[in-house]
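**Q** All I have is the shape, not the residue letters:
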């Protein structure tokens, strides 16, 4: 109950802190420290670009004010103002149109007049018509821009924000009321507990009083006995003086008897009490302790009750919500105004039909009104804004029909008569008779098919086509939309494609799509499904040189060339005929060529990095299996201890296990150990010690007839050899697991059946571990299937935000060496160096972001330039010994270009295991594409075709990413002492210098990433990072050939400096680290827009401020992830309590991580709302059509509207809080002096340390 009370107190404290917290901006850092705020004010470069700037593509991001909360009345007033503007602009257009009609009529009358009108009057009339036409076009364009503007959407977002305010208030009221109720319930339980403790206290007090009364009774008995003794003495004295036989003597005898009886009774009572009081001291001490504990418990209860009552008083008073009477509920004023203005906007847009304004739009009005009525249905058939649907449809129709309203009306009527599945059949039938049709045939069906093709390339085009179809009152389901989009995309590509083979490939995609639409069970070859999925991912050709072929080639390279290079690097010079051939020597000498991320050293570092972060790995798996096998074998040997005639065998097995366990204690991974001669020597030594110990035990256990033991008798040492099996194992180069299996099999052969192991080795070993054991034995890839073996444990055990990246490559560069400063230099010496380099790296990465699990294979190229300037000061303090201090500054700039192929599976809540299984299947398809047999049809032509055929939900895309890094560093070093062993004036000298230093450095990293192709793709992601470090280093510099002056002439003590050869041993440690990153990741799921907005920090302070300011929002977000009750409601009291407990535990975790881990990244993630995504998709459709017809200005305005939506705070909602830890192992081997020649091996790991809501 105390634990529950403490949790409740923390929840109440958090709720109170939330009520008092100042609001935070979505776009700003919540809680920067004072030092950082001042520092970044003075040096703005030390902080990243504002999140508003990162999130948008337009210039208005820098000037647009933050969206403030507005009241319903204010929103309604703004809506009414918009309505007035629309009316005014409509009147302006109507006036201009009327003037244009009048001008045309006047011109027509002049042209038809008899006698003919003068030329001057005709010219004047034509000029009037032209001016009226320009005025009308301008008014129409202004009205069109007003309708397409974001004002109504912005006001709708503000109204939605007001909804959120009401939801938060209602939630807060419910939660605070429940907290008060729970506190009162706990208080009642504490009161009951207090009463129970009081009763217990009374019982203990009564028991104590009873013990005290015993002492009182004993004292009274002592007094009674003493009084009786005194009285008896007096009576006896009187009796002696009284004559015998007298009445007085009889009386005294009687009194003496009575007194004796009284004394006897008192003494008996005293003796009884004395016996009882032997335990009184212990009982009183016990009762004192118990009473103290009871009083302490009462104090705790009182304190808890006082704390709860204090918190209860701090909670705001409950507000009684008054529900409106039935039938009297009124819609909020802003919602009513928005509904009316939307209808007004839509009516105006339909009435004008701007795309057909030049030719007249009367004939299309009825069809557009039908579409408008559907779009205003409840619920609407699409979440797209109605104005966007009308604009896209009319623009597309105008392009298809040549602005012919009559043809457009016929197309809309035709679409309204049939479901969408009708038109693929029509398209196929028309394609078969294409030779019989005239090229100039403008049939209605052809216009309809052209419109379908055009809208299929527009975001959410299938949703718009559904609105136009006979079933336009209900939304289209994904099972229909996907094959429809594939069909029309393939159909359009097929018409443009000159290659017959590609046309046939696209035809199979269309056939699969039609089969899915028709719902038949027609069976297709695996490669046909691959074609369908390729088009679904945006690949409309598989010809050489296309993106499809480039992906296929890259995946082949990853599974063949990279593996062959890794195998060849570990192949001995005297290779077998089947061993891979090494690359030519010149190619191997260039570090930027012959790259592979699967080198032996890279795999070893990947195991270490992954395991250090708690990630699963093949090595960890096999280590666990070997430990289990050792335990089982030890149990078998323990049971076989008394087996006759087998003690040496058993002892040898024990010796081997002892040796293996000693290796394990030293940190050796038994999965990578192969037994060698030194292992045999160690086993023999352990066997000898064990046998000797057994002999001593036997001697001690068997004394002679006199009871003496021969332990002190000098025995001749016997030579002990390992049994044949173990001698063979010591030279077999078997892995530990294989050796244990051999021992297990041997014991089965020699032990009696009752003592044999319970399980065979084959039953213990999981089939999937065979390849892992083989991989770990060789410690490098032997075949391409080892890629699956390596990644499989990482895939199956991955969690949200876990990441593992392997890279291998090299660097080439050239530079100016640092101007040397040494003991022969003047007191002050300059320092300068410069370098230009290029690095190439091949990489493979497994990552599980919020979007889903992904694997990528590709290359990265980095162009870098670096310059160092500084000054050194110092002088000699003895012959050949000096002290120097150096101050240097380093400036680095580098640009990284990354290109890779990515496989992704979308993440669905509670289906992570299914997603992991899909990724494993995709990786297996990529690696074994030439081995796997298809279920039907011909074999796969390449890895990409296998992936697409066997994984219908896979998304394959091309990643193109750029990263620009700028680094500034300063370093202060002290060389104490700097020792030169020879005079550098005329001979080569050697120097030895300890060099402690302090450094600070700052980085700014700008990142951009976009993906092309893929059903799910990140498009236009941007990030800006600022990080700073400060630390210390300790180096030991040794130069076997030190830079020294070459005299210009004999006897001179000056000259030119020569190049030195320096070696360095050093270590460094960061003392402080700060990071801030702003990032936006827009992505498409199919053709639907979504996005994530991220802020990253290096301390939990900002995350805690985010939670405190928006606690209700984060609790409501957590409730969304919990299980509903039997009615389907998630916002229940139990779920509210569960969410609060999850958040309380998360806050405790980040506080602990803030103290224990100095390199965590704290990520606050917001996600785009579905409503905002639909609005952006509407503008994306307008933008796409504008670009097709070459209207750059309209496309730019659509982009500006998208930016306006992105910069509206109501566009975003809280999604997840994540704390992640990162680890990196980077190894550089080579030469870096004048020329730079280095090989690189990089491993990056990342894991989620905490997450809210929990997964």
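**A** Right, received. Where do you want to start? Worth saying up front: this structure is predicted, and the values here are computed from it rather than measured.

**Q** which residues touch residue 778?
**A** residue 570 (C-beta atoms under 8 Å, 6 or more residues apart in numbering). Using the backbone N, CA and C atoms, a C-beta is placed for each residue, glycine as well.

**Q** Roughly how far does it sit from residue 772?
**A** According to C-beta to C-beta, to the nearest Å, residue 778 and residue 772 sit 11 Å apart.

**Q** can you check residue 1150 too?
**A** From residue 1150 over to residue 772 (counting by C-beta to C-beta), the distance is 36 Å.

**Q** swap in residue 519?
**A** Distance from residue 519 to residue 772, by C-beta to C-beta: 44 Å.

**Q** Please apply the same query to residue 895.
**A** 39 Å.

**Q** ok, now residue 1037?
**A** Counting by C-beta to C-beta, the gap from residue 1037 to residue 772 is 44 Å.

**Q** Of these two, which one has the most company?
**A** Between residue 1037 and residue 772, residue 772 has the larger neighbour count (other C-beta atoms under 10 Å), namely 23 against 17.

**Q** In terms of pLDDT, where does the more buried one sit?
**A** Residue 772 is assigned 85 on the pLDDT scale.

**Q** Wait, it touches residue 621, no?
**A** Yes: look at residue 772 against residue 621 with C-beta atoms under 8 Å: they come within range, at 6.2 Å.

**Q** out of everything not next to it in sequence, what's closest to the residue nearest to the spatial centre of the chain?
**A** Taking C-alpha atoms, centre = their mean, the centroid of the chain lies closest to residue 801, which sits 2.3 Å from it. The shortest distance from residue 801 to any non-neighbouring residue, by C-beta to C-beta, 6 or more residues apart in numbering, is to residue 1248 (4.5 Å).

**Q** That neighbour belongs to a strand, doesn't it?
**A** Yes: assessed with DSSP: H, G, I helix; E, B strand; the rest coil, residue 1248 lies in a strand.

**Q** if I look at it, how far off is residue 922?
**A** Residue 1248 sits 23 Å away from residue 922, going by C-beta to C-beta.

**Q** Looking at these two, which one has more neighbours?
**A** Neighbours per residue (other C-beta under 10 Å) separate residue 1248 from residue 922, with residue 922 holding more: 25 against 20.

**Q** and that one, what is it in contact with?
**A** Going by C-beta under 8 Å, 6+ apart, residue 922 touches 855, 903, 905, 947, 950, 951, 954.

**Q** Need the three-state assignment for the third one.
**A** Which is residue 905. strand.

**Q** That one: what's it in contact with?
**A** Counting by C-beta under 8 Å, 6+ apart, residue 905 touches 852, 853, 854, 915, 918, 919, 922, 951, 953, 954, 955.

**Q** Show me what it bridges to in the sheet.
**A** Residue 905 has these beta-bridge partners by DSSP bridges: residue 853.

**Q** can you point me to the longest helix in this protein?
**A** helix 151-241 (DSSP state H).

**Q** A strand includes the residue nearest to the centre of the chain, no?
**A** No: Residue 801 is assigned coil when assessed by three-state DSSP, not a strand.

**Q** Next, the contact list for the closest residue to residue 47 other than its chain neighbours, please.
**A** Distance criterion C-beta to C-beta, 6+ apart; nearest residue to residue 47, sequence neighbours excluded, is residue 40 at 4.2 Å. Listed by C-beta under 8 Å, 6+ apart, the contact set of residue 40 reads 32, 46, 47.

**Q** Most neighbours out of those, which is it?
**A** Neighbour counts for these peak at residue 47, which has 21 neighbours (criterion: other C-beta under 10 Å).

**Q** And that one, how close does it get to residue 41?
**A** For residue 47 relative to residue 41 (C-beta to C-beta), the value is 9 Å.

**Q** Could you confirm residue 872 falls within a strand?
**A** Yes: assessed by three-state DSSP, residue 872 belongs to a strand.

**Q** Quick check: it touching residue 883?
**A** No: using C-beta under 8 Å, residue 872 makes no contact with residue 883, being 11.0 Å away.

**Q** Between these two, point out the one with more neighbours.
**A** Using other C-beta under 10 Å, the more surrounded residue of residue 872 and residue 883 is residue 872, with 23 against 15.

**Q** for that one, which residues make a bridge with it?
**A** With DSSP bridges as the criterion, residue 872 is bridged to residue 829, residue 886.

**Q** Can you get me a residue count around residue 747?
**A** Other residues within reach of residue 747, judged by other C-beta under 10 Å, total 22.

**Q** Equivalent analysis for residue 562, please.
**A** Look at residue 562: counted by other C-beta under 10 Å, it has 22 neighbours.

**Q** ditto for residue 113
**A** The number of residues packed near residue 113 is 11, by other C-beta under 10 Å.

**Q** before we move on, the earlier item: contact partners for the residue nearest to residue 801?
**A** Residue 1248 makes contacts with 799, 800, 801, 802, 1218, 1219, 1220, as judged by C-beta under 8 Å, 6+ apart.

**Q** One more pass at 6 Å, please.
**A** 799, 800, 801, 1220 (C-beta atoms under 6 Å, 6 or more residues apart in numbering).

**Q** Same check on residue 683?
**A** With contacts taken as C-beta under 6 Å, 6+ apart, residue 683 has the following neighbours: 655, 656, 659.

**Q** if you set the cut-off to 8 Å instead, what comes out?
**A** The contact partners of residue 683, taken as C-beta under 8 Å, 6+ apart, are 652, 655, 656, 659, 722, 726, 730.

**Q** of those residues, buried ones?
**A** 652, 655, 656, 659, 722, 726, 730 (16 or more other C-beta atoms under 10 Å).

**Q** quick one: the second one and residue 687 touch, right?
**A** When you say that, I think you mean residue 655. Yes: under the criterion of C-beta under 8 Å, residue 655 makes contact with residue 687 at 4.0 Å.

**Q** Overlap in contacts, those two.
**A** Residues touching both residue 655 and residue 687 by C-beta under 8 Å, 6+ apart: residue 726.

**Q** Tell me the secondary structure of residue 868, please.
**A** strand.

**Q** Roughly how far does it sit from residue 411?
**A** Distance of residue 868 to residue 411, computed by C-beta to C-beta: 69 Å.

**Q** higher neighbour count, those two?
**A** Neighbours per residue (other C-beta under 10 Å) separate residue 868 from residue 411, with residue 411 holding more: 28 against 19.

**Q** can I assume that one is in contact with residue 404?
**A** No: between residue 411 and residue 404 there is no contact under C-beta under 8 Å: 9.8 Å.

**Q** hmm, back to that, mind listing the shared neighbours of residue 772 and residue 621?
**A** Common contacts of residue 772 and residue 621, defined by C-beta under 8 Å, 6+ apart, comprise residue 793.

**Q** Sweet, I'm off.
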